[in-house]
Structures are given as structure tokens and as C-alpha cells.
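K.L.:
Please find the sequence and the predicted model below.
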Amino acid sequence: MSPTPEWLELYARKRTWTRCPNDLNLYFSSKEICGMAIDQISMGGISLPTGEVLARDPLTYMSREQQPYFQRVPAGEYEAEACVILPEDGDCARYAAVRVCFSNKPAVYHEEALTGEEDLVHLREGEYFGFNVDAGLACVCDVKVRDAFCDFMEEWERERPGDSLFEDYFSSLFVLNSRINPKYQRNGGDWINWRIPNTDYSLPIFQSGFGDGAYPMYFGYDAEGNICQLVVQFIDIELAYPCIAEEGEESC
């Protein structure tokens, strides 16, 4: 479904309000933000065969009816990487953001990914829409990958009625990947790169920072105004953690 002319007109007027207040480039170029040690890891390939994408909790909100974002990205095979907040004070590693780059050009700003159905009338500066997570997991997928996921899920439910898709299928894949790629993963696993059975599609599925909630996805635009990356932000590091200031300075 395409956005209506009325929606697009309102979007043009409020578009600057959809910009991310954080410099998301720092999440993937720095080793520290606001006094928190961070690192970056690759989660392998991601298939985007049409360039029509959506971000979802794959276990609770994946369905054929879910609309992709109206902004399209270059179709192709890319790499997904995560910005990880290193474990501290007994906490586990937290995935602050996940990024997919479509070119080598840097993003000069990031704007929220939208479907064209959001209520822009009541949008206020500093707010975002986001997507819902109820199972502590998220993914970014192309519409063809979404449909392949739904095909698999429907077949699973027909063949194994009453079984849990996570407990009886995905959980063992997460555990296996945590043993193969243990860096910044708990024993039960924090991410997988899933090749959907009977397809060539790769779909990274990953932990959602602090767990359940609503999280924004942003498109990064280069200096020419073209989409060069997407970033799912789970944790606003500057907001979630107190900044460590230099002696004699106020904290931010």
C-alpha cells in the first residue's frame, strides 16, 4: 500500500522531526560512547531481494499482512553488524543497534523508517513510532524473505501442532551459534544467521537490547540524499547510561 498524497504532504512538513537525535555513525565507528565501552560484531549476510524491507519481532509479529516501509533500499546481499555494549557490573552484553550498509558512502543523517500509515498529525518533535517486540528478538527482512518465513512457519504449525517454534526449533540454533561464535553471547545465544529452509535467503535474528518494547529503525542518507544504510536502534546509549564526565565537569 502506497502512502496517500495527504500523508506524503504532511510527511514533507514534519520530516525533520523523524530524524534520529543520536549520531548513529558513532555506534559503529567508536569503542566508547558516554563512558560505556562498545564493540562491533558481524552477524553475517542478509538477503534483501526486492529492497522492500520491514523490521519485526519474528516470533510474534511476522505475517504476510505486515506492510514494508515506504522507503525502498537497494536490493541485494549485504552484511548485518551489531553495536554491542560490553558487559558491566554483572549485566550481559547488550545490542544497542544493528546496521546494514548499502554503499561505502557515510550517512550524514538518519530518518525513521515509516510505512506511510503512521499518525503524523499527532507526531511531536522527539517522538518516534517504532516496531513492537514481545519475544525479545528482532529482525530486518525483505518482503520476499517475510513470505518465505511465513511459508516455513505455516508448514511447521501444520506438521507439529502444539509445538513451540522457538523452544522446539530456534532455541537449539541459538545455542549452537553461541558455541560457534561465543563473543558477546549468553549461553542460550543472542543471535543467529538463519538460512530459511528450501531458500537461499539469509535472515539474521538478534536480541533486542533491553528486551521487549518499541524500537525505531532509521535509514541513513548520504550527502546526495540517497539511502546508504539502515540502522535499528535498541538503546539510546546517552539516554540509558549516565555519562562519565571529566573531573570538574558536569555530567551530560
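P.N.:
Good, I have the coordinates. Numbers count the residues shown, from 1 in each chain.

K.L.:
where are the low-confidence patches of this protein?
P.N.:
1, 244-252 (pLDDT under 70).

K.L.:
wouldn't residue 75 be in contact with residue 46 here?
P.N.:
No - assessed by Cβ atoms under 8 Å, residue 75 is found out of contact with residue 46, at 11.8 Å. (C-beta placed from N, C-alpha, C; glycine too.)

K.L.:
Between those two, tell me which one has more neighbours.
P.N.:
residue 46 (25 against 16; other Cβ atoms under 10 Å).

K.L.:
which residues does the closest residue to that one other than its chain neighbours bridge with?
P.N.:
Excluding its sequence neighbours, the residue lying closest to residue 46 (Cβ to Cβ, 6 or more residues apart in numbering) is residue 80, at 4.6 Å. On the basis of DSSP bridges, residue 80 is bridged to residue 100.

K.L.:
Over to the one 5 residues further on?
P.N.:
According to DSSP bridges, the partner residues bridging residue 85 are residue 38, residue 94.

K.L.:
from now on call the first residue 40
P.N.:
Sure, I'll start numbering at 40, so the last one becomes residue 124.

K.L.:
Let me see the ranges of the helices in this protein.
P.N.:
Secondary structure of the chain, counting by DSSP state H: helices at 44-53, 182-198, 204, 210-219, 276-279.

K.L.:
In a markdown table, list these along with mean neighbour count.
P.N.:
Below are those laid out as a markdown table (neighbours: other Cβ atoms under 10 Å):
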| stretch | mean neighbour count |
| --- | --- |
| helix 44-53 | 13 |
| helix 182-198 | 16 |
| helix 204 | 15 |
| helix 210-219 | 15 |
| helix 276-279 | 16 |
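
K.L.:
Can you say which of those helices is nearest to residue 104?
P.N.:
Each of the helices of the chain has some distance to residue 104 by Cβ to Cβ; the shortest is helix 182-198, at 9.8 Å.

K.L.:
Contacts for that closest one, please.
P.N.:
86-89, 91-93, 95, 97, 101-103, 105, 107, 180, 202, 204, 208, 235-238, 240, 242 (Cβ atoms under 8 Å, 6 or more residues apart in numbering).

K.L.:
Now which of the residues you listed would you call buried?
P.N.:
Buried members of the contacts of helix 182-198, scored by 16 or more other Cβ atoms under 10 Å, are 86-88, 91-93, 95, 97, 101, 105, 107, 180, 235, 238, 240, 242.

K.L.:
now, which of the residues you listed sits nearest residue 274?
P.N.:
Once Cβ to Cβ is applied, the member of those that ends up nearest residue 274 is residue 95, at 18.6 Å.

K.L.:
Please list all residues in contact with that closest one.
P.N.:
The contact partners of residue 95, by Cβ under 8 Å, 6+ apart, come to 101, 105, 170, 177, 178, 180, 185.

K.L.:
Look up how far residue 205 lies from it.
P.N.:
Separation of residue 95 from residue 205 (Cβ to Cβ, to the nearest Å) stands at 15 Å.

K.L.:
how close does the residue nearest to residue 253 when sequence neighbours are not counted get to residue 213?
P.N.:
Computed as Cβ to Cβ, 6+ apart, the closest residue to residue 253 that is not its neighbour in sequence is residue 169, at 3.9 Å. Remark: distance between residue 169 and residue 213 (Cβ to Cβ) = 24 Å.

K.L.:
Could you do residue 91 as well?
P.N.:
Residue 91 is 27 Å from residue 213, by Cβ to Cβ.

K.L.:
again, but for residue 187
P.N.:
20 Å.
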